[in-house]
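[1] Give me a model of this one.
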Amino acid sequence: MNALKHSNRMNSTNNIPRVLIPSVVVVALCRPIAPAHAYDINQQLSIGGVLAGAVQCQNLSATPDTSDTCEPAVPFQPEISIRPSAADEVFFKLGFAAGNGLNETTPFVIRPWAADLEDDVTNINGRSRDYLLTAWYKHTFSLGDDQDIGATFGIIDATDYLDENVYGNDEYTQFMNATLTNGRNVFLPSYDLGVALESHFGSWSFSGVLMDIGENDDGNNYSFYGLQAGYRVNTRLGVGHYRVVVTGTSEDFLNPAGTEVESRTSNLYSFDQDFGKIIGGWMRFGWQTEDAAVDYHAVFTGGIDIKGAAWQRHGDNIGVGYAYLIGGNLAIERSNVAEAYYRWQLGEVLGLTADIQYQSDDYKVGQGPSGWTYSLRAVAGF
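    Next up, the predicted model:
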């Protein structure tokens, strides 16, 4: 499995566990999302994770070779954090899953649930490694008030450091569709060898990632780099985050003709902003080069978040998002994705979500698929 967050995975900075509920919805026991509440065994050791369950049903149009169906999936990702000192941390995350949901049967280019499912946690990036997603060591250098630098090395996930967004970044508690979880044009590998630097200087933050990836979809080993600069504002409206991401790879990706290898580079702009205590908004947009074979050249996404405090359910929220994607140099002309969900937070552990998606793919030649996906998702966190 070539692990790419924009196509299948989850952001561990916001992980939440779930408990599976018989038959239609599955929930499990892991840790809540923001903030995550890992179980502290002592001052040096914590355990947590995420166990989720969902059933998704598709109702399609213009897809004679694909039938309407319902499919379940249950991912479970336990985590262990060891802190020998206040400045040092050793972290492990494992990934297990039962089922692939609709990701095996969907006719759409973009998968309807970005979680790491059964096929995603085996033979990760062609390394013949199963179930071990991340394993890293981090040391943080404190430089005074609101200033620090963190250095991490090991098996890491680029989306833990790049393309963050408060309202569209977690497929377990927010949007399920992969293009509303991370920018679909930006290339973000997961679960392989790398180093990451993070720094905070007051309202400014900077991240850099360098990774060696075992294998891409062309069967080639490649290198990846990514840089992010972010700025945090706090006005009368509320808190906002404004980020710029630049990524690139070595020349190890086939061109559309399959005759030469090229690099991939991209840029992405990611913003989120509170508009008072009830409403929040977010957007992403960016482009990538088309020297290598790519499904999409550009992506424009955005949405709103409505907090349940408006109806005296302070843990609940509604999310509405839309994505418009411009095709690259392969078969796709354009894609549209719309998604809306309501999430019930039941105590500190369990969250239930009802979700609906509409997708359409327009091909350069011939008619593409369109249709609806209906989902029930349950998540429990520890």
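[2] which stretches of this structure form helices?
    Assigned helices in the chain, in chain order: 5-8 (criterion: DSSP state H).
[3] how about low-confidence regions in it?
    1-37 (pLDDT under 70).
[4] Mind doing that once more with 90?
    In the predicted model of the chain, residues 1-43, 61-67, 104, 144-146, 183-187, 347-349, 366-367, 381-382 satisfy pLDDT under 90.
[5] And Tyr363, how close does it get to Tyr225?
    Computed with CB to CB, to the nearest Å, the distance linking Tyr363 and Tyr225 is 33 Å. In this view, the C-beta of every residue, glycine as well, is placed from N, C-alpha and C.
[6] now Phe108
    30 Å.
[7] How about the contacts made by Gly308?
    Contacts here follow CB atoms under 8 Å, 6 or more residues apart in numbering; on that basis Gly308 touches 314-318, 345.
[8] Name the member of these with the most neighbours.
    Asn317 (24 neighbours; other CB atoms under 10 Å).
[9] contacting residues around the residue nearest to Arg343 when sequence neighbours are not counted?
    Leaving out its chain neighbours, the residue that sits closest to Arg343 by CB to CB, 6 or more residues apart in numbering is Thr353, at 4.5 Å. When contacts are counted by CB under 8 Å, 6+ apart, Thr353 touches 173, 341-344, 375-379.
[10] Now rank the residues you listed by neighbours and give me the top one.
    Highest count within the contacts of Thr353 by other CB under 10 Å belongs to Val379, 33 neighbours.
[11] Which residues does stretch 132-149 contact?
    So stretch 132-149 is contacted by 12, 77, 87-95, 116, 121, 124, 150-157, 160, 190-191, 197-202 (CB under 8 Å, 6+ apart).
[12] What ranges does the stretch 201-350 of the chain have for its strands?
    In the stretch 201-350 of the chain, the strands defined using DSSP state E, counting those that start in this stretch lie at 204-213, 222-234, 239-249, 253-254, 261-262, 265-275, 279-288, 296-307, 317-327, 332-346, 350-363.
[13] now these as CSV including distance to Leu60?
    Putting the strands of the stretch 201-350 of the chain into CSV (distance: least, CB to CB, whole Å) gives the following:
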stretch, distance to Leu60
strand 204-213, 33
strand 222-234, 35
strand 239-249, 33
strand 253-254, 30
strand 261-262, 34
strand 265-275, 30
strand 279-288, 27
strand 296-307, 21
strand 317-327, 19
strand 332-346, 15
strand 350-363, 9
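[14] what comes up buried for stretch 133-144?
    133-134, 136, 138, 140 (16 or more other CB atoms under 10 Å).
[15] correction: stretch 110-126
    110-118, 120-121, 124-126.
[16] Determine which two of those residues are furthest apart.
    Greatest spacing in the buried residues of stretch 110-126, by CB to CB: Pro112 and Gly126 (25.1 Å).
[17] Would you mind listing which of the contacts of stretch 132-149 are buried?
    Here, 16+ other CB under 10 Å leaves 12, 77, 89-95, 116, 121, 124, 150, 152, 154-157, 160, 190-191, 197-200 buried among the contacts of stretch 132-149.
[18] Let's see which of these end up in strands.
    Of the buried ones among the contacts of stretch 132-149, the ones assigned to strands by DSSP state E are 77, 89-94, 150, 152, 154-157, 190-191, 197-200.
[19] Between the buried residues of stretch 110-126, which sits nearest Thr179?
    For the buried residues of stretch 110-126, the nearest to Thr179 is Ile110 (5.0 Å; CB to CB).
[20] for the closest one, what are its contacts?
    7, 177-179, 184, 325, 335, 337, 359.
[21] For those, pick the one with the most neighbours.
    That'd be Thr179 among the contacts of Ile110, by other CB under 10 Å, with 29 neighbours.
[22] isn't that one right next to Val337, touching?
    Yes: contact criterion CB atoms under 8 Å: Thr179 and Val337 qualify, at 5.4 Å.
[23] Between the two, which contacts overlap?
    Shared contacts of Thr179 and Val337, counting by CB under 8 Å, 6+ apart, come down to 110, 323, 325.
[24] Compile those into JSON lines and extend it with columns for distance to Asn42.
    Converted to JSON lines, the shared contacts of Thr179 and Val337 look like this (distance: CB to CB, whole Å):
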{"residue": "Ile110", "distance to Asn42": "43"}
{"residue": "Ala323", "distance to Asn42": "44"}
{"residue": "Leu325", "distance to Asn42": "47"}
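[25] Return the closest of those residues with respect to Asn255.
    Leu325 (20.6 Å).
[26] Assess the claim that the closest one and Ser335 are in contact.
    Yes: at 4.4 Å, Leu325 counts as touching Ser335 under the criterion of CB under 8 Å.
[27] Before I go, just wanted to say thanks for your time.
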